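Engineer: Below is the sequence, then the predicted model.
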Amino acid sequence: MAKKIKKYCFVISPISKKGSVVRKRSDKVLKKIIEPAAQRCNYNVIRADKIPNPGLITSQIVRHLIEDPLVIADLTKHNPNVLYELAFRHILKKPVVQMIKDGQKLPFDVAAIRTIFYNDKKPKSFAACKKELVKQIRSVENDPTQVDAPFSPTIFPNTNFYTTEKEINKYMYKLVSSGSTLDIVSNRLHWVSENSKIRSALTMRADSGDEINICLPKKNATCNELKKHGVKIYVCDDLGDSPHARFTLIDKNFPGAATVAVGSKTSSGFMISEFSESSNAQVVAMARDYVNTLMEQSNLV
């Protein structure tokens, strides 16, 4: 009798629109390599687009990243969402198995981590990939504490919790008024749209020549206003699927001085964690990679 599947393996990979080249490749890798190997190790495989439960999809993704005993990440094409979710998992220092299409280069910060290379155009190679994936899963199960990660979770960020809009806006005003450069990744940019003081701080900085880049899923009226003052707006459709893809990177171009502020919703309000380059250099490096990849793959409007 087959073993009853009780454990979850969460897959983070490029998904894109149904019928696209990216989706077809990801579906093939999922069905032909990942699912057979993971199921052999008694895991129930799930990907973001296949989460059956109703509710906010981003919060469910985060829950899987936090709770699931195994995550498999396909780094093909250096998809921004995949890199973001991978960094989230690395901060937790929980098991991850990396995969990437044969012939592609791994991002610098994770290049030293063991990775499975696959060729989705050669079905005969799938057996070897499945064998290697099973081997890595078994290795993780033997000692889940021995996790390859580019940074250690023992260096914790400065984290604060806010329960009111006034508190959040006060913090964000102070944040966007600091440093020499700003890179903002946001879902809706509502904290700028709905607060004239913050909006004025950004436009005044842009008018004075400071570099300000904003990445978001789609532009809005606020983007048009900011653009007139010299703020660069990058539109990336995939950000709409990202779990809490919102952070601000300060002084990106000044080694040793950069800071990343990452925000996420909680059950009682909002949580913001600050990572300084002096104590969390790897986190800042990952944020730099993420922002640079976004700007390379997005449309400058």
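Structural biologist: Nice, I can see it.
Engineer: Tally up the residues packed near the residue lying closest to residue 13 once chain neighbours are set aside, please.
Structural biologist: If the residues on either side of it in the chain are set aside, residue 13 comes closest to residue 74, at 3.7 Å by C-beta to C-beta, 6 or more residues apart in numbering. (Each C-beta comes from the backbone N, C-alpha and C, glycine too.) Around residue 74 there are 27 other residues, counting by other C-beta atoms under 10 Å.
Engineer: wait, residue 74 sits on residue 11?
Structural biologist: Yes - at 7.3 Å, residue 74 counts as touching residue 11 under the criterion of C-beta atoms under 8 Å.
Engineer: ok so, going back, so what's the residue nearest to residue 13 up against?
Structural biologist: Applying C-beta atoms under 8 Å, 6 or more residues apart in numbering to residue 74 gives the contacts 11-14, 26, 29, 82, 99-100.
Engineer: Kindly report the same for residue 249.
Structural biologist: 182-185, 258-260, 284, 287-288, 291.
Engineer: what about the helices in the stretch 201-301 of the chain?
Structural biologist: With DSSP state H, counting those that start in this stretch, the ranges of helices along the stretch 201-301 of the chain come out as 221-228, 281-297.
Engineer: So for residue 125, which of those helices sits nearest?
Structural biologist: Among these, the nearest to residue 125 by C-beta to C-beta is helix 281-297 (27.3 Å).
Engineer: From residue 260, how far off is residue 228?
Structural biologist: 28 Å (C-beta to C-beta, to the nearest Å).
Engineer: thinking again about what came up before, I'd like to know which of the contacts of residue 249 is nearest to residue 61.
Structural biologist: If you rank the contacts of residue 249 by distance to residue 61 using C-beta to C-beta, residue 185 comes first, at 16.2 Å.
Engineer: ok, what's across the strand from the closest residue to residue 259 other than its chain neighbours?
Structural biologist: Using C-beta to C-beta, 6+ apart and skipping residues adjacent in sequence, the residue nearest residue 259 is residue 250, 4.6 Å away. Listed by DSSP bridges, the beta-bridge partners for residue 250 are residue 182, residue 259.
Engineer: could you list every residue that touches residue 250?
Structural biologist: Contacts for residue 250 were tallied using C-beta under 8 Å, 6+ apart; they are 175, 178-179, 181-182, 258-261.
Engineer: between these, which is closest to residue 43?
Structural biologist: residue 260 (32.4 Å).
Engineer: and the closest one, what does it touch?
Structural biologist: With contact taken as C-beta under 8 Å, 6+ apart, residue 260 is in contact with 247-250, 274-275, 280, 283-284, 287.
Engineer: Give me the domain ranges for this structure.
Structural biologist: Segmentation of the chain into domains, based on automatic domain parsing, reads 7-142, 158-300.
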